[in-house]
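Engineer: Fold the stuff below for me.
(one chain, ligands or ions: 1)
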Amino acid sequence: MTGEALSTEYARDMAVLGPVLINGVPVAAEDAVISVFDIGFQRGYGCFEAMRSYDGSIFRLGPHLDRLESSATKLRLPIPNRETIAEWCRSTAETAGESVVRILVSGGTDARVPGTDSRVVVFAEAVRPSPPALTVQSRPAPWHTDGDWSELTGAKALSYGFNLAASVAAQDDGFGDALLIGRHGHVLEGPTFSIGWISDGVFSTPGLEIGILESITRTAVIEVAGRLGLTVREGIYGIDDVMNAEEVFAMSTVREVLPIVRVDDREFGVGDWTNSLQSGFTALVDEGLHR
Ligand SMILES: Cc1ncc(COP(=O)(O)O)c(C=O)c1O
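Structural biologist: Numbers count the residues shown, from 1 in each chain. Prediction:
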């Protein structure tokens, strides 16, 4: 199959909305290809963001661009200036409307000089209907820093292979996704989402000091919790803390606030706090749109 044909299949399956911008140049989805020699493909060197467009307007574009810039700086990968990327994102969202807008920055085609011929790809996908709840399997993630910081901690690099393999392994075992447990035994996050839980009227979530991704949804949900008068505790937790909770939920740009109804063999109901955080998050998004 040619690169073009493969791209067409992908474009159809993901329901790409509108053109794909490659370094700002609009290309039809079926023609949107980059080189097999790009070290983004060969080595996973590069960085990315996934953002949510509500009604054509990106939720918290600024924080997403901050995180993209921070990832690129950590990787020492040059990227175009912020306003240029912002404009590509805004125009993509405006054309697509309700969608997930992705930015992918490739490493370029010269491993000796990372960034050479780097491609910044921006496109929008249709929002897929989300299942009403998620089940997760706890799985060891020894590749994660679990609190041992380096200058790369927190970079949203393209190299997501280990995280995705954890998702696939959990799915092979009949779960919806994985819950990553670090090398020191601490609860971290899902492969593509943050986690929080409620016990005794307190909202707990692993703290950023453990080296998890600084999730934009998690930050927004913490704001919502504040509005609801819910005490928030960010800290270092073990799996027993999750198992002893009354409600558990995932947080991410794509999943928003999604109840988790099973962790390993422990089942959870969907509680009132989770419902309130979900509707509070929707209200926060609406306010952003009408501001
Ligand atoms: C590892 C990881 N944690 C958490 C999240 C959630 O982050 P955000 O709320 O910014 O989408 C993601 C999103 O992709 C992720 O990859």
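
Engineer: Tell me the backbone dihedrals of the residue sitting nearest the centre point of the chain, please.
Structural biologist: Geometric centre of the chain, nearest residue: residue 192, 5.0 Å, by C-alpha atoms, centre = their mean. Here is the backbone geometry of residue 192 (degrees, to the nearest 10): phi -140, psi 30.

Engineer: do the same with residue 87
Structural biologist: Taking degrees, to the nearest 10 as the convention, residue 87 sits at phi -60, psi -40.

Engineer: swap in residue 229?
Structural biologist: phi 80, psi 20.

Engineer: Which stretches in the stretch 101-250 of the chain count as helices?
Structural biologist: Assigned by DSSP state H, counting those that start in this stretch, the stretch 101-250 of the chain shows helices spanning 161-172, 216-228, 239-243.

Engineer: So which bits of the stretch 101-250 of the chain are right by the ligand?
Structural biologist: Contact residues, the stretch 101-250 of the chain versus the ligand (C-beta under 6 Å from any ligand atom): 189, 192-194, 213, 215-218. In short, each C-beta sits where N, CA and C put it, glycine included.

Engineer: let's see 5 Å
Structural biologist: By C-beta under 5 Å from any ligand atom, the part of the stretch 101-250 of the chain that sits against the ligand consists of 189, 192, 194, 213, 215-217.

Engineer: Contact partners for residue 169?
Structural biologist: 137, 139, 178 (C-beta atoms under 8 Å, 6 or more residues apart in numbering).

Engineer: who's the first one bridged to?
Structural biologist: Read it as residue 137. residue 178 (DSSP bridges).

Engineer: Tell me which stretches of the stretch 51-200 of the chain form strands.
Structural biologist: 57-58, 99-106, 120-125, 134-140, 177-181, 194-199 (DSSP state E, counting those that start in this stretch).

Engineer: I'd like to know which of those is closest to residue 254.
Structural biologist: strand 99-106 (5.9 Å; C-beta to C-beta).

Engineer: Which neighbouring elements make contact with that closest one?
Structural biologist: helix 39-43, strand 46-54, helix 61-75, helix 82-96, strand 120-125 (3 or more C-beta pairs under 8 Å, 6 or more residues apart in numbering; DSSP states H and E).

Engineer: Is it possible to get JSON lines of these that adds mean pLDDT, mean neighbour count and distance to residue 144?
Structural biologist: Converted to JSON lines, the helices and strands packed on strand 99-106 look like this (pLDDT from 0 to 100; neighbours: other C-beta atoms under 10 Å; distance: least, C-beta to C-beta, whole Å):
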{"stretch": "helix 39-43", "mean pLDDT": "96", "mean neighbour count": "18", "distance to residue 144": "19"}
{"stretch": "strand 46-54", "mean pLDDT": "98", "mean neighbour count": "22", "distance to residue 144": "17"}
{"stretch": "helix 61-75", "mean pLDDT": "98", "mean neighbour count": "18", "distance to residue 144": "16"}
{"stretch": "helix 82-96", "mean pLDDT": "98", "mean neighbour count": "18", "distance to residue 144": "28"}
{"stretch": "strand 120-125", "mean pLDDT": "98", "mean neighbour count": "23", "distance to residue 144": "27"}
